[in-house]
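# turn this into a structure:
(one chain, ligands or ions: 1)
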Amino acid sequence: MAAAEGVVAPGRVAVVTGAASGIGLSLCERFVAEGMRVVMADVEEPALAEASAALAGQGGAVLPVPTDVSDADQVAALRQAAMAEFGAVHVLCNNAGVGGPHGPLWQIPAGDWEWVLRVNLGGVINGICAFVPVLTEQDAAHIVNTASVFGVFAGALGPYGISKHAIVALSETLHFQLQSHAPHVGVSVLCPGAVRTRFGSSARNRPAWAGQVPEPTDAERASADRFDQLSATGADPADVAATVVAGIRGQQFYILTSSNRNDAILRRGSEIVAGGPPAPPFP
Ligand SMILES: NC(=O)c1ccc[n+]([C@@H]2O[C@H](COP(=O)([O-])OP(=O)(O)OC[C@H]3O[C@@H](n4cnc5c(N)ncnc54)[C@H](O)[C@@H]3O)[C@@H](O)[C@H]2O)c1
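From the prediction side, this is the model:
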C-alpha cells in the first residue's frame, strides 16, 4: 500500500494520453505540480505543442509526443520516447477519448463505430500492451483508465457508452490479473460524470478514413445537446485531477467524480438480479 502512495511523487514519471485538453491536461498539470516528469501524448498536435510549452514554461519536465492512441505502432513509439527521455514510467493514464454519434445502433455508420471503438477501447488496449511490461519492472506503478459514469449504468449513448462499459470490464480483468502477476502495479478506472472540457467538439479529431459525417437526426441532435449541456455545467477538470491523485494514493479502483448517478448504478445491479429490463437512463 505504501508503494501506491509513492507513485505520485517528485521524480516519478507519468504518461498521459489525451493530454492536450480537458481531463488529460489537468492530470498533467497536477502531476507537474507534484514534481513528476510527464509525457504528454495527443493526436491534436498544435494543441499539444501549446499545452506542453505552457507547462514547460512553468518549469515542468514535460515531453510532448504526438500520438494517435488507436495505432498500436504509435503507442509503442510513445513508450520508446518515454523510456529514452526519462528511463522509467510509473503512472499510465489511458485517457484519450472521443464522443461519436448517439443514434440508433443499426443506423450508426461503420466509420463511426470503428473510430469510437478504435480510439476509446483500442487506445486503452494499446496502452496496456505497450506499457504493462515497463510498469511491472518498476518498484511501484499505477494505471488509470478513463471510462465514464456511462460505463457503469445502463446508459444509451451509442458506441461511446458501449466503449466505456468495455473499458470498465477491461480494467476489472486487468486488476485481477495484475493482482496475481504484479501486485505492485495498481489499477483504477476513472468514471467521470460531467466535466467542463472540449469533449463536445471531439469530432474535431475524427479521421478522414471514418467517412463523411452524416447529418444528425433531430433525436440525435437532442441527445448530443443534452450531453453538451451536462458537460458545460460539469466539474472543473482540475478537481477531477485532484480526485484521481487521491484515488491513486488511496488504492481506489472505481473513481467516480459525482454522486448524481449513484441510484442508476445501484439500480443496474438490482435489475440484473431481478431479470431486468433496464430503466431508461434519462427519466
Ligand atoms: N467531459 C466529460 O464530461 C467526460 C465525462 C466522462 C468521461 N469523459 C472522458 O474523459 C476523457 C477525456 O475527455 P475530455 O472530456 O477531457 O475531452 P477533451 O476533448 O477536452 O480531451 C480529449 C483529448 O483526447 C485527444 N484525442 C482524441 N482522439 C485521440 C487519439 N486518437 N489519440 C490521442 N489523443 C486523442 C483530443 O485531442 C483531446 O486533447 C475521454 O476518454 C472522455 O470519454 C469525459
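# buried ones in the helix or strand encompassing residue 130?
Assessed by DSSP states H and E, residue 130 sits inside helix 122-135. Residues 122-128, 130-132, 134-135 are the ones in helix 122-135 that count as buried (16 or more other CB atoms under 10 Å). To be clear about C-beta, it is placed using only N, CA and C from the backbone, and glycine gets the same treatment.
# same check on stretch 107-123?
By neighbour count on 16+ other CB under 10 Å, the buried set for stretch 107-123 is 108-109, 111-123.
# farthest pair within these?
Greatest spacing in the buried residues of stretch 107-123, by CB to CB: 109 and 123 (20.0 Å).
# give me the low-pLDDT residue ranges for the stretch 1-150 of the chain?
In the predicted model of the stretch 1-150 of the chain, residues 1-5 satisfy pLDDT under 70.
# what residues does the stretch 151-283 of the chain put near the ligand?
Within the stretch 151-283 of the chain, the residues that sit near the ligand (CB under 6 Å from any ligand atom) are 192, 194-195, 197-199, 202, 205, 231, 234.
# tell me which strands and helices the biggest helix by length in the chain is in contact with?
Longest helix in the chain by number of residues (criterion: DSSP state H): helix 158-181. Here helix 158-181 touches helix 110-116, helix 122-135, strand 141-146, strand 185-191, going by 3 or more CB pairs under 8 Å, 6 or more residues apart in numbering; DSSP states H and E.
# now with 6 Å, please.
Packed against helix 158-181 by the contact rule (3 or more CB pairs under 6 Å, 6 or more residues apart in numbering; DSSP states H and E) you find helix 110-116, strand 185-191.
# let me see the ranges of the strands in the stretch 151-283 of the chain.
Along the stretch 151-283 of the chain, counting by DSSP state E, counting those that start in this stretch, strands occupy 185-191, 254-256.
# show the average pLDDT along the shortest one.
Averaging the model's pLDDT scores along strand 254-256 yields 98.
# so what strands line up beside it?
Strand pairing for strand 254-256, determined by DSSP bridges: strand 185-191 (parallel).
# coming back round to it: can I get the buried residues of helix 122-135 in CSV with distance to residue 69?
CSV is the format used below for the buried residues of helix 122-135 (distance: CB to CB, whole Å):
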residue, distance to residue 69
122, 7
123, 3
124, 8
125, 9
126, 6
127, 7
128, 11
130, 10
131, 12
132, 15
134, 16
135, 17
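# of those, closest to the ligand?
Of all these, the one with the least separation from the ligand (CB to the nearest ligand atom) is residue 123, at 6.1 Å.
# from residue 167, how far out is that closest one?
Separation of residue 123 from residue 167 (CB to CB, to the nearest Å): 9 Å.
# need phi/psi at the residue in the stretch 51-200 of the chain that the ligand sits nearest to.
Using CB to the nearest ligand atom, the single residue of the stretch 51-200 of the chain nearest to the ligand is residue 97, 2.1 Å away. The phi/psi pair for residue 97 (degrees, to the nearest 10) reads phi -160, psi 160.
# which residues touch it?
Residue 97 makes contacts with residue 120, as judged by CB atoms under 6 Å, 6 or more residues apart in numbering.
# cool, and the one 4 residues further on?
With CB under 6 Å, 6+ apart as the criterion, the residues that contact residue 101 are 108, 112, 158.
# ok, the second one touching residue 102?
No. Under the criterion of CB atoms under 6 Å, residue 112 is not in contact with residue 102, lying 10.3 Å apart.
# and the end-to-end length of stretch 186-199?
27 Å (CA to CA, to the nearest Å).
# contacts for that stretch, please.
Stretch 186-199 is contacted by residues 4, 21-23, 142-149, 151-152, 168, 171, 174-175, 230-231, 234-235, 237, 240, 247, 251, 253-258 when judged by CB under 6 Å, 6+ apart.
# no further queries at this time; thank you.
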